[in-house]
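> I'd like to go over a predicted model; first the sequence, then the structure.
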Amino acid sequence: MNRSTALKYIVEQANNGDLVFPTNIAASVKIQQAIKDPECSADLAARLVMNEPLLAARVVATANSAAYSRGNIVNNVKAAINRVGFATLNAIVASIVVRQLAGSSKDRHIQGMVSTLWEHSAQVAALSRVIARKITKVDPETAMFAGIVHEVGNFYLLSRAEEFPSLLEIEYPIIEASEKSVSEDPLDEDEGDSSEAIIGRAVIQTLQLPPTVVEALEALWFGLRAMPPETLGDTILLANELARTKSPFDYNSYAEAGQFASEIDFVVGDGTLNSILEESDEEVSSLTSALLV
């Protein structure tokens with residue numbers, strides 16, 4: 001079965017609501033649902049988080065990152081939650097869910113793609129938070145959350161890669177004399193939506209993402225970034241372009257990785273995008289590292 005056929009099969013499952021999720025994702029989703037409850041206290045949230053060692057480590061690491069700590073170290077989960085707040089806690093739980101979407105394959109190639117995709121997602125999340133806070137003025141924590149989950153569809157594809165190895169095959173766009181790209185997506189000829197969008201929507205429906213985040217992901221799949229960026233969708237699009245680590249599913253980036261990111265610049269207030277990113281480099285690096293714990 002080639003990649004196009006495998007994608008069409010999974011898209012059909014997505015359209016029928018028959019996506020198959022790893023069993024270990026259930027516990028994390030329950031924690032996410034619990035902390036969304038307005039009645040959930042910091043004490044209860046801390047108890048739930050401490051039941052998941054990886055989540056607990058990531059919450060404390062995030063609280064001690066340059067983005068949140070201001071030099072003051074916290075040493076326990078409850079203090080970390082009080083520092084970062086429930087919105088950020090929700091984003092951190094989402095980071096665990098997204099990683100779990102890819103399953104726990106023992107195949108080294110799949111493991112490598114999962115690691116690269118997560119490193120890319122962590123960078124986009126950290127960049128999104130800075131761009132939101134300093135440029136687009138949308139909610140920074142929502143921007144970080146959207147950055148974390150923006151590759152959910154591809155994480156799901158990695159969870160099916162052992163069953164359908166052809167999903168990992170690279171299909172470089174074929175350029176004809178007319179310079180038109182063909183076969184970039186197996187659904188382009190018959191469908192209005194790409195396979196990434198269809199599968200992504202099915203996954204985010206299961207994760208019950210907030211409408212503002214869903215709208216931003218739609219912009220990522222189909223939208224054109226405004227210059228300078230203004231919306232949450234613009235924020236994620238720009239962060240995605242600026243991330244040093246490219247998604248392994250971004251086939252067009254293999255020949256152009258980093259080529260255009262360094263050229264993106266525009267005036268923002270009294271500075272420029274590049275000057276803002278330089279000033280925020282420690283914050284981005286620290287938060288990315290915390291998310292990668």
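Structure's in. What do you need?
> what's the neighbour count on His150?
A count of neighbours around His150, defined by other C-beta atoms under 10 Å, yields 26. Yep, even glycine has a C-beta here, placed from its N, CA and C like the rest.
> what segments of the stretch 1-150 of the chain are helices?
Assigned by DSSP state H, counting those that start in this stretch, the helices in the stretch 1-150 of the chain fall at 3-15, 25-36, 42-50, 53-63, 77-101, 108-131, 140-149.
> winner for burial among those helices?
Comparing those on average neighbours per residue, with mean count of other C-beta atoms under 10 Å, the densest one is helix 140-149 at a mean of 27.
> only alpha carbons, please: show that helix as PDB.
Presented in PDB, the C-alpha positions along helix 140-149 are these (Å, rounded to 0.1, in the frame of the first residue of the first chain):
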ATOM      1  CA  PRO A 140       0.400  34.300  25.200                       C
ATOM      2  CA  GLU A 141      -0.800  31.100  27.000                       C
ATOM      3  CA  THR A 142      -3.400  30.300  24.400                       C
ATOM      4  CA  ALA A 143      -0.700  30.900  21.700                       C
ATOM      5  CA  MET A 144       1.700  28.500  23.500                       C
ATOM      6  CA  PHE A 145      -1.100  25.900  23.700                       C
ATOM      7  CA  ALA A 146      -1.900  26.300  20.000                       C
ATOM      8  CA  GLY A 147       1.800  25.800  19.200                       C
ATOM      9  CA  ILE A 148       1.900  22.600  21.300                       C
ATOM     10  CA  VAL A 149      -1.000  21.000  19.500                       C
END
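> hmm, back to that, can you redo the helices of the stretch 1-150 of the chain as TSV with mean pLDDT and distance to Glu263?
Formatted as TSV, these follow (pLDDT from 0 to 100; distance: least, C-beta to C-beta, whole Å):
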stretch	mean pLDDT	distance to Glu263
helix 3-15	90	31
helix 25-36	88	38
helix 42-50	94	41
helix 53-63	94	31
helix 77-101	93	30
helix 108-131	95	16
helix 140-149	96	22
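> quick one: stretch 133-151 to chain centroid distance?
Centroid separation for stretch 133-151 versus its chain: 10 Å, with C-alpha atoms, centre = their mean, to the nearest Å.
> what about Gly17, how many residues nearby?
When neighbours are defined as other C-beta under 10 Å, Gly17 has 9 of them.
> what sits against it?
For Gly17, the contacting residues are Ala202, by C-beta atoms under 8 Å, 6 or more residues apart in numbering.
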